[in-house]
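*Asks:* have a look; sequence and predicted model below, questions after that.
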Amino acid sequence: MASVSVTIDIDEMHVPKIDEAAVGRWIESRLNDARNRFIQRVSRGGGAGRIYRHGKRSQHHASAPGEYPATDSGRLVNSVHYEMRGPYSGALVSDVGYAGFLTEGTVRMAPRKMLADALHEVLESNPRKDLLARALTSE
């Protein structure tokens, strides 16, 4: 017995296209919002952690586990920036060496809220899915 096949061809089908620039703007905006949220949370003042001497005359009010770090020198907040790594990819970055210790914790310190937490909070509070939907265009 011979095989049988049936074919369907659609000539006038509109295929949606993605506006890469619109997706990139959305990602960049969320990363910038998360950067700003992180800086605001860190810069708000002392946390609920312990108070200890920092130098001869000054004191530092540390953050408690699960809080954003309490600022001391400003190095951490000044190091936070975002990078676009492609049309659909970006990252929130800090290049100070101790950012990893704050993120992961150590044997003597529990983790603090850091960049991923700030980004998650921004995405939860302001998803703006409508902007991504508008990135789809029918041509």
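*Replies:* All right, it came through fine.
*Asks:* low pLDDT regions in the protein?
*Replies:* 44-57, 59-61, 127-139 (pLDDT under 70).
*Asks:* which residues in it form strands?
*Replies:* With DSSP state E, the ranges of strands along the chain come out as 16-18, 51-54, 58-61, 81-86, 89-93, 136-138.
*Asks:* just the residues contacting the fourth one, thanks.
*Replies:* For strand 81-86, contacts defined as CB atoms under 8 Å, 6 or more residues apart in numbering pick out Gly24, Ile27, Glu28, Leu31, Asn32, Ala34, Arg35, Gly90, Ala91, Leu92, Val93, Ser94. Backbone N, C-alpha and C define where each C-beta goes, glycine included.
*Asks:* can I get the residues you listed in a markdown table including distance to His14 and neighbour count?
*Replies:* Output for the contacts of strand 81-86, formatted as a markdown table (distance: CB to CB, whole Å; neighbours: other CB atoms under 10 Å):
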| residue | distance to His14 | neighbour count |
| --- | --- | --- |
| Gly24 | 24 | 17 |
| Ile27 | 26 | 20 |
| Glu28 | 29 | 14 |
| Leu31 | 32 | 22 |
| Asn32 | 34 | 15 |
| Ala34 | 35 | 22 |
| Arg35 | 38 | 21 |
| Gly90 | 30 | 19 |
| Ala91 | 34 | 13 |
| Leu92 | 36 | 20 |
| Val93 | 39 | 14 |
| Ser94 | 44 | 21 |
